[in-house]
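The following comprises the amino acid sequence and a computationally predicted model.
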Amino acid sequence: MPGDAPVHTLEIEDLHVEVAGKEILKGVTLSLRSGELTALMGPNGSGKSTLAYALMGHPKYKVTKGKVLLDGQDLLKMSVEKRSRAGLFLGFQYPQEVSGLSVSKFLWTAYMQRHTAQDANAKQYDADLKQHLGYLEMDESLLKRSLNEGFSGGEKKRGEVLQMATLNPIFSILDEPDSGLDIDAVRAVGEAIAKIHAQRGSDAGFLVITHYQRILKYLRPDRVHVMVDGVIALSGGRELADELEAKGYDFVKVGVPGAS
């Protein structure tokens, strides 16, 4: 990628979010930049997935305070569709099954929604798709199957990364892409994300949400943040993930009032 490519930003400032009247996020401040891969770690129930869904605009997640700016524009005023078109992508922890809609049809439709008839390039699309299938160690026969129907956990997570690669978003939020995967699938998914990150260069940023550091050894994140009880409790470099692996989350909770 050219060295003078513009840097995109996603700025989250003092974000408070409620779910069914209960405050889950209690003032999250986080800054993401294109060209960087950021890991968000934390124990169950800390608010990591709530942050992902709130950023994408899920109606269940009510923002009560704070702001989110995507390249200076108010993300919270955008519809879900506009957030997607602006360059935001969410890879789900539990992808939904869609019977009767093939993976190939879904991917092509999603691609065309991001392109005009003039700038769409079917030949390049096919070449990129084949390359990304290779990254993910996915057989092309999977493209003929209904979206996520009868897929294993590993196939579903690979499918989410394939969607991300096809859409070329500015910021990708991947909610536990390693959840429920065996060792080989974690490696394949982690290495694929790392290759796509390298391929996109300064054009794209990644936020990978995970409980464990095992996928991070393939990703080599630029920054690691730890969320506890709805706030960012600790931030650091790649070495922070290793420290969490050795000590667990209890040593982080000590510094967070009310955390249990």
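That came in fine, so what should we check first? Computed from a predicted model, the values in this text were never measured in an experiment. Residues are numbered from 1 along each chain as shown.

Pull the residues that contact the longest helix along the chain.
Using DSSP state H, we find that the single longest helix of the chain is helix 183-200. The contact list for helix 183-200 (CB atoms under 8 Å, 6 or more residues apart in numbering) reads 1, 37, 132, 135-137, 153-154, 157-158, 161, 164-165, 168, 174, 177-178, 181, 204, 206, 208, 214-220. Bear in mind the C-beta positions are built from the backbone N, C-alpha and C, glycine included.

Let me know the pLDDT of the closest residue to residue 36 other than its chain neighbours.
Leaving aside its sequence neighbours, residue 36 sits nearest to residue 222 (CB to CB, 6 or more residues apart in numbering; 4.4 Å). Listed pLDDT for residue 222 reads 94.

Pull the contacting residues for residue 222.
Residues near residue 222 by CB under 8 Å, 6+ apart: 36, 37, 38, 237, 238.

quick one, strands of the stretch 151-260 of the chain?
Assigned by DSSP state E, counting those that start in this stretch, the stretch 151-260 of the chain shows strands spanning 171-175, 205-210, 223-228, 231-236.

Same list (those) but as a markdown table, adding mean neighbour count and distance to residue 77.
What follows is the strands of the stretch 151-260 of the chain, written out as a markdown table (neighbours: other CB atoms under 10 Å; distance: least, CB to CB, whole Å):
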| stretch | mean neighbour count | distance to residue 77 |
| --- | --- | --- |
| strand 171-175 | 26 | 17 |
| strand 205-210 | 25 | 21 |
| strand 223-228 | 23 | 25 |
| strand 231-236 | 17 | 24 |
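
Can you show me the strands along the stretch 1-150 of the chain?
With DSSP E, counting those that start in this stretch as the criterion, the stretch 1-150 of the chain has strands at 9-19, 22-33, 37-41, 61-70, 73-74, 88-91, 98-102, 146-147.

Now find how far off-centre the second one is within its chain.
Meaning strand 22-33. Averaging C-alpha positions (CA atoms, centre = their mean, to the nearest Å) puts strand 22-33 15 Å from its chain's average.

Give me the contacts around that strand.
Here strand 22-33 has contacts from 7-18, 38, 40, 47, 50-51, 54, 61, 64-66, 171, 205, 207, 225, 227, 229-232, using CB under 8 Å, 6+ apart.

picking that back up, select, out of the strands of the stretch 1-150 of the chain, the one closest to residue 250.
Nearest of those to residue 250, taken as CB to CB: strand 37-41 at 13.6 Å.

I'd like to know which elements that closest one is packed against.
Counting by 3 or more CB pairs under 8 Å, 6 or more residues apart in numbering; DSSP states H and E, the packing neighbours recorded for strand 37-41 are helix 48-56, helix 183-200, strand 205-210, helix 216-219, strand 223-228, helix 238-247.

and it, what's its mean pLDDT?
Mean per-residue pLDDT for strand 37-41: 96.
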